[in-house]
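Asks: Can you look at this prediction? I've put the sequence above it.
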Amino acid sequence: MRTPAGTVDQKSTMAAWLIVLLVIRITSYFMLSESVPVTQLLKVTMRLLVTGASFIILWRLFQKNTLTFAFEYPLAIFFYLCYLGLGLASLLWTSGFADSLLQLLMDIETLVFCLIFMGIISAYNSTHSKNIRLSQLLANTILVIIICFIAGMYIAPEKFYRLTHGGEVARLGGFIINPNELGMLIVTGFAMCCTEMKHSVRKGWLLIMMALFIYTLLLTGSRSSMIGLFLIILFYLRKSGNLRLQLAVVTCMVLSVPFIVSQVFIKAGDLSEVLSMTGRIPFWKDLLTINFPKEPIFGYGFMRIDYNDRFESLHSYAGEMTHNTFIQVLMNLGLAGLLIVVLQMACTLHPMITVKDADRKLLAAGIFIPVIINSFTEFGIFGETNYGIMLYLFIVFMYGMKVNKAQVPSYTGAKHGTSQKNQTFRPSFTP
């Protein structure tokens, strides 16, 4: 019989391995070299290594236990496969075969990794009394990454800081990652700490982590992520039910608005940049009025927005992607792709709203809010490969997939003329 200490040790060991895998996985989305071929090789190697290691862990869990694999709410997974299927079909008409194929293969690999990773958590929790929480894994993973960025901004500021507005504004992320993408990751970490407040006894440590996340978010200068942070705080405050806490936090938020507006939203005093969303609005207008009418039904091919590598906007910058996940889909897969994406998101949101599991709702919302906010201004959940897609697929599989422990039938009663049918234990997913 397992001792409680042994169970805790097993949980700590498994959680540590999963955090290592997540750290490597998220790092694989960074620009790790100035050489494009070297970067691509590192990304492919790291992702395949993590996916392979995750598969081995899941395989061992299945070998040691009698487990069954089932799908609940499968429509979200079905429509995501339809989205990838249309992307595969678009290789027949894409304006850039190699680019479309590379993006498609990376998205398929991400789907496989997320299926395996969420399978590990569900399988482990089905067979152990001490559950692993995805919120705890993500919070600690993002903390490790943020600590590395804080160290990097002192050791190699030219790589970890990005100068904008004529060199007047320095934003954390730099050469390594888009500051808005880093901001989205930070807000996700903050949300996971809020989720952990309900489970962890180390609330003081969680508050320190949350303060560190807010500090580094300010360093990124990400407006969209700051909006995401405010929405996360309001969402979790509403769920807390503590009136005094709500009043205190809302008061602090209101008092912080002038500082945040001056330091984050109106950089270098350029209000016109804010109103145009850093040139995005005229860029989107040109895309929708010039390029969309040319290929309205099936688009230019998976992750392609023009016949050339870049769309030359008349009223804004030239770009390789749209900085909006829904316009991105409209450009690369047309109205057909957008319809599939809308159906897929509806099927993902449906269980988030209807399933009466407060823990899962908090976890899903904590991931979904920063990811969807980021999707309106950056790569997004249906854009070029990024860790936002991975986080979104965690939600899809959180509701859509179950690994269950099958109970071994008891033959004791057979001696007395009775029988027992096989039963299946269905544990709830623990965030």
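Replies: On my side now, so go ahead.
Asks: how far away is C347 from Y83?
Replies: C347 sits 12 Å away from Y83, going by C-beta to C-beta, to the nearest Å. (C-beta placed from N, C-alpha, C; glycine too.)
Asks: Could you list which residues are in contact with M197?
Replies: For M197, the contact set (C-beta atoms under 8 Å, 6 or more residues apart in numbering) comprises K203, L206.
Asks: Look up phi and psi at it.
Replies: Backbone dihedrals for M197, given as degrees, to the nearest 10, come out at phi -60, psi -30.
Asks: now do T348
Replies: Backbone torsions of T348, given as degrees, to the nearest 10, read phi -80, psi -40.
Asks: what number of residues lie near it?
Replies: 25 (other C-beta atoms under 10 Å).
Asks: tell me the contacts of it?
Replies: For T348, the contact set (C-beta under 8 Å, 6+ apart) comprises A76, Y392, I395, V396, Y399.
Asks: what's the most distant pair in those?
Replies: Within the contacts of T348, two members stand farthest from each other by C-beta to C-beta: Y392 and Y399, at 12.0 Å.
Asks: What residues of the helix or strand hosting L362 count as buried?
Replies: Using DSSP states H and E, L362 falls within helix 358-375. Within helix 358-375, the residues that qualify as buried are 359-375, counting by 16 or more other C-beta atoms under 10 Å.
Asks: quick revisit: specify which member of the contacts of T348 is nearest to L207.
Replies: Nearest to L207, judged by C-beta to C-beta, of the contacts of T348 is I395 at 25.9 Å.
Asks: List the contacts of that closest one.
Replies: Contacts of I395 by C-beta under 8 Å, 6+ apart are T348, M352, A364, I367, F368.
Asks: So for those, which is the shakiest by pLDDT?
Replies: For these, the least confident position by pLDDT is M352, scoring 92.
Asks: What distance do you get for the closest residue to that one other than its chain neighbours to L22?
Replies: Distances taken as C-beta to C-beta, 6 or more residues apart in numbering put A364 closest to M352, at 4.9 Å, once the chain neighbours are dropped. Using C-beta to C-beta, A364 is found at 18 Å from L22.
Asks: Pretty sure L172 is one of the things S222 touches, is it not?
Replies: No. Using C-beta atoms under 8 Å, S222 is not in contact with L172, being 9.2 Å away.
Asks: any common contacting residues for the two?
Replies: The contact sets of S222 and L172 overlap at P179, L182 (C-beta under 8 Å, 6+ apart).
Asks: Now the phi/psi pair for S28, please.
Replies: Backbone torsions of S28, given as degrees, to the nearest 10, read phi -70, psi -10.
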